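Student: 3D, please:
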Amino acid sequence: ATGSMDPEPMTYDVSKKLTKNSFEYEKHRFIGWTLNAEGPGTVYADEELVSNLALEGNVNLYAQWEEIMVAHFINGSEVKTRMVNLAGNASNIYKIKYYEGTVPSEYQTATYRVSNSSKSDKPIYLWYESSTNTIYYGSEADVLYLAPNCTSMFEGLTNVTEIDTHFDTKYVTDMTRMFYRCLKLETMDISHFNTSNVKNLTSMFSECNSFNQFDFTNWDVRNVKSFNFMFNQCYAPTILDLTSFYTNSATSFNHMFSSMTHVKTILIPNFYSDNVTDMASMFDDNNSLESIDITHLNTSKVTTFKQFLKNTWALTNVDLTKLNTSSAKNMDKMFYHATALEELDLSNFDTSKVNSFDNMFSGMTSLKKIYVSTFATTGSTSNQIMFDGDTLLVGQEGSTYNSSRTRKQYARIDGGEGAEGYFWYKAKPTN
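Tutor: Numbering: from 1, shown residues only. Purely as a prediction, here's the structure:
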């Protein structure tokens, strides 16, 4: 076995859960702990509540294992190709089910084998049952491991409603577009997915329009770099809880939550963004979004906020006072058609490197005030429209919206007649 675990302090007559096992033993399954080095004696389950293992002194617990047979799938895209070929067309697949028991003999041939023979103790077979539009997969192995590359494994199965996930994702490094465009998918357990080695989740659930079984409690995404389009066009959720997401390695959140049209709350309290450079369209077209806390995000390296909060129609308040825009180059449509916001506090904004502000505030029909400490627009060489349709907007000295004053030169603190602008001065916050 490999791995290590720290000693665990215990108090006599006080019950305590054993620490979860972190040892690994290839081709073996952990079954519990025993006080007997030779085993088995009393076996304590992983994380079992225990007390009084000894009267005093140190106690050694010994891991108990059972030998298992394993099987490894071929690459995800190859599995998808096999499924489509067997069904005749991707649209003919309604369900993907794990087959309990011995695989029927007629399918135990190379034609139906989808396992990596060099790594597997037993083969994995996959076949199609036309009467129920069902793909089945099965094996005599105890554990079925997905290949490191699961790119597009179920992509484009537009009529599939259910997927059995009777597999282990321990070795997966790439889940790009894994379930992309599974438009009707409703039933799938992802709670047990081991994502500790995954580096790419780009478009993993993009266009899973009907799916709402997002249980990420046990997910570890600390090695993931790209979350681009991960939940794009996931229409079903009203709450997305990503509290378990510690995004230590993230470099891009481009379109991560875009077009989640029914989501009201997104929880990202442990998002780490120190190395993120791209937040374009991160919350774009979240029409029902009511609350989002982004005050903890370090955005000092982000170069694009293009369409960051575009079309967030239900968002009435967002705290932007911690947002670091010192590296930003693009703010096109950053708040475009965020129609419920009445005030924007941009007093912490540094726009010195921004070269494009196209329609940054346009269509904000409820917007009355914009606060800034400074707001440089010299990086933009064109006289871009910035305030189109902001009919309630009033500057510090009373300058009101005028359809002839919608361009870049009015992105300044209002100086009154002859020096009209739409901004109010507010001192830069001391963070």
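
Student: partner strands of the helix or strand containing Phe30, with direction?
Tutor: Element membership for Phe30 (DSSP states H and E) is strand 28-34. If you go by DSSP bridges, strand 28-34 pairs up with strand 43-44 (antiparallel), strand 62-67 (antiparallel).

Student: name the surrounding residues that touch it.
Tutor: 1, 18, 21, 23, 40-46, 48, 61-68, 142-143 (Cβ atoms under 8 Å, 6 or more residues apart in numbering). Every C-beta, even on glycine, is put in place using the N, C-alpha and C of the backbone.

Student: please check those and keep the buried ones.
Tutor: Neighbour counting with 16 or more other Cβ atoms under 10 Å marks 18, 21, 44, 61, 63-64, 143 as buried within the contacts of strand 28-34.

Student: between those residues, which is closest to Asp350?
Tutor: Lowest distance from Asp350 to those (Cβ to Cβ) belongs to Asn21, with 48.6 Å.

Student: distance from the chain centre to the strand holding Phe30, please.
Tutor: 32 Å (Cα atoms, centre = their mean, to the nearest Å).

Student: next: stretch 39-50.
Tutor: With Cα atoms, centre = their mean as the basis, stretch 39-50 stands 36 Å off its chain's centre.

Student: now do the helices in the chain.
Tutor: Using DSSP state H, the helices of the chain run over residues 76-87.

Student: where does it dip in pLDDT?
Tutor: Residue ranges of the chain with pLDDT under 70: 431.

Student: and if we set it to 50?
Tutor: Regions of the chain meeting the criterion pLDDT under 50 are absent.

Student: okay, and the beta partners of Leu49?
Tutor: Lys17.

Student: shouldn't it be in contact with Ser15?
Tutor: Yes. Leu49 is in contact with Ser15 according to Cβ atoms under 8 Å; the separation is 5.2 Å.

Student: Thr247 versus Ser327, what's the distance?
Tutor: 18 Å (Cβ to Cβ, to the nearest Å).

Student: neighbour count: these two, which is higher?
Tutor: A direct count of neighbours by other Cβ atoms under 10 Å for Ser327 and Thr247 places Thr247 higher, at 23 against 16.

Student: check contacts around the more buried one.
Tutor: Going by Cβ under 8 Å, 6+ apart, the list of residues near Thr247 reads 221-222, 224, 227, 270-273.

Student: ditto for Tyr25
Tutor: 1-2, 63, 65.

Student: quick check, nearest of these to Ile93?
Tutor: Using Cβ to Cβ, those come closest to Ile93 at Trp65, 37.7 Å.

Student: wait, the closest one touches Glu24, no?
Tutor: No. Counting by Cβ under 8 Å, Glu24 is not a contact partner of Trp65; they are 10.0 Å apart.

Student: what touches both of these two?
Tutor: Ala1.

Student: just the buried ones from the contacts of Thr247, in PyMOL syntax?
Tutor: Buried residues within the contacts of Thr247, by 16+ other Cβ under 10 Å, are selected in PyMOL with:
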select buried, resi 221+224+227+271+272+273
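
Student: I'd like the contacts of Thr247 as TSV, with distance to Leu53 appended.
Tutor: Below are those laid out as TSV (distance: Cβ to Cβ, whole Å):
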residue	distance to Leu53
Val221	35
Arg222	33
Val224	39
Phe227	43
Asn270	34
Phe271	40
Tyr272	38
Ser273	44
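
Student: stretch 34-45 spans what distance, first to last residue?
Tutor: Criterion Cα to Cα, to the nearest Å; first-to-last residue distance in stretch 34-45 is 9 Å.

Student: stretch 254-266 now?
Tutor: One end of stretch 254-266 sits 16 Å from the other (Cα to Cα).

Student: give me the contacts around that stretch.
Tutor: 227-240, 242, 278-292, 314.

Student: tell me which of those fall in strands.
Tutor: Among the contacts of stretch 254-266, DSSP state E puts 239-240 in strands.

Student: tell me the buried residues within the contacts of stretch 254-266.
Tutor: Neighbour counting by 16+ other Cβ under 10 Å classes 227-237, 240, 242, 278-287, 289-290, 292 among the contacts of stretch 254-266 as buried.

Student: spit out the contact partners of Tyr336.
Tutor: Tyr336 sits next to 307, 310-311, 359-364 when contact means Cβ under 8 Å, 6+ apart.

Student: tell me which of the buried ones among the contacts of strand 28-34 is nearest to Asn75?
Tutor: Minimum distance to Asn75 across those is 18.2 Å, recorded for Val143 (Cβ to Cβ).

Student: how about the contacts made by that closest one?
Tutor: 29, 68-71, 168.

Student: all strands for the stretch 251-400 of the chain, in order.
Tutor: Applying DSSP state E, counting those that start in this stretch to the stretch 251-400 of the chain gives strands spanning 265-267, 343-346, 369-372.

Student: which one of these lies nearest to Met175?
Tutor: Short answer: strand 265-267, nearest of the strands of the stretch 251-400 of the chain by Cβ to Cβ, at 20.1 Å.

Student: buried set for that closest one?
Tutor: Here strand 265-267 shows 266-267 as buried, counting by 16+ other Cβ under 10 Å.
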